[in-house]
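Quick one: sequence plus predicted model below, questions after.
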2 protein chains.
Amino acid sequence: MSGNLLDALPVDLPEELFTVLAEADGVRVERIVSNGQASPEGFWYDQEWAELVLLVAGAAGLEMEGEAVGVLVPGDWLVIPAHARHRVAWTDPDRPTVWLAVHYRG
Amino acid sequence: MSGNLLDALPVDLPEELFTVLAEADGVRVERIVSNGQASPEGFWYDQEWAELVLLVAGAAGLEMEGEAVGVLVPGDWLVIPAHARHRVAWTDPDRPTVWLAVHYRG
């Protein structure tokens, strides 16, 4: 179980691509590749588990409910607590945006 | 709880720097910064938990027992199963090497 997060990046996919890298009781690690996608207007993620998300490549705008959109650049990480409503306001339209997400029972 | 993995990188530290980013039952996420350090000759890590490790910046040689040293470059990740003996053969002597490690109960 190994690879490079930046290998074989899909481009122009209509949907974001989710790939599970590791999974065990109470934890799931996945790569997410975005190509300009954003959450639908008015849509909020409301997750049962906490999530640590790291932006590996590209750029994105992440909106926590009630806050301004935060710009993420490579190396940026944050913890999204369980049930903290959030959405992806935008991702870079010109190149793939790669995320590492660690979902865990909070 | 947020930050950038590449911010405030220590240089010339005598020891590797470990910073816990998130922790919950059965999972611990940490940043590791190496400045040329390697595991002592003949030393092997033998961990109770599995570990997904991602090389974020720099370069490193990782040796799984009985295998040749594998070279890791940014974006490379691998899963080290619990009790899979391994060591860090080398890290880049000229710049910080930054790792994201996800330890989890395997």
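Now that the structure is in, tell me what you want to look at. For clarity, every value in this text was computed on a predicted model and none was experimentally measured.

tell me the phi and psi of A:Gly58?
The phi/psi pair for A:Gly58 (degrees, to the nearest 10) reads phi 90, psi -150.

any idea of the pLDDT on the residue nearest to it when sequence neighbours are not counted?
Closest residue to A:Gly58 apart from its sequence neighbours, by Cβ to Cβ, 6 or more residues apart in numbering or on different chains: A:Thr97 at 2.9 Å. Backbone N, C-alpha and C define where each C-beta goes, glycine included. Note for A:Thr97: predicted pLDDT of 97.

Return the distance of A:Thr97 relative to chain B.
Applying Cβ to the nearest Cβ, to the nearest Å, the value for A:Thr97 to chain B is 14 Å.

Next, count neighbours for that residue.
For A:Thr97, the neighbour count with other Cβ atoms under 10 Å in any protein chain shown is 26.

Tell me the residues of chain A that contact chain B?
A:1-7, A:21-22, A:24-27, A:29, A:50, A:52, A:54, A:56-57, A:73-79, A:100, A:102, A:104-106 (Cβ under 8 Å from any Cβ of the partner chain).

Contact partners for the residue nearest to A:Gly58?
Residues near A:Thr97 by Cβ atoms under 8 Å, 6 or more residues apart in numbering or on different chains: A:33-35, A:55, A:57-60, A:91.
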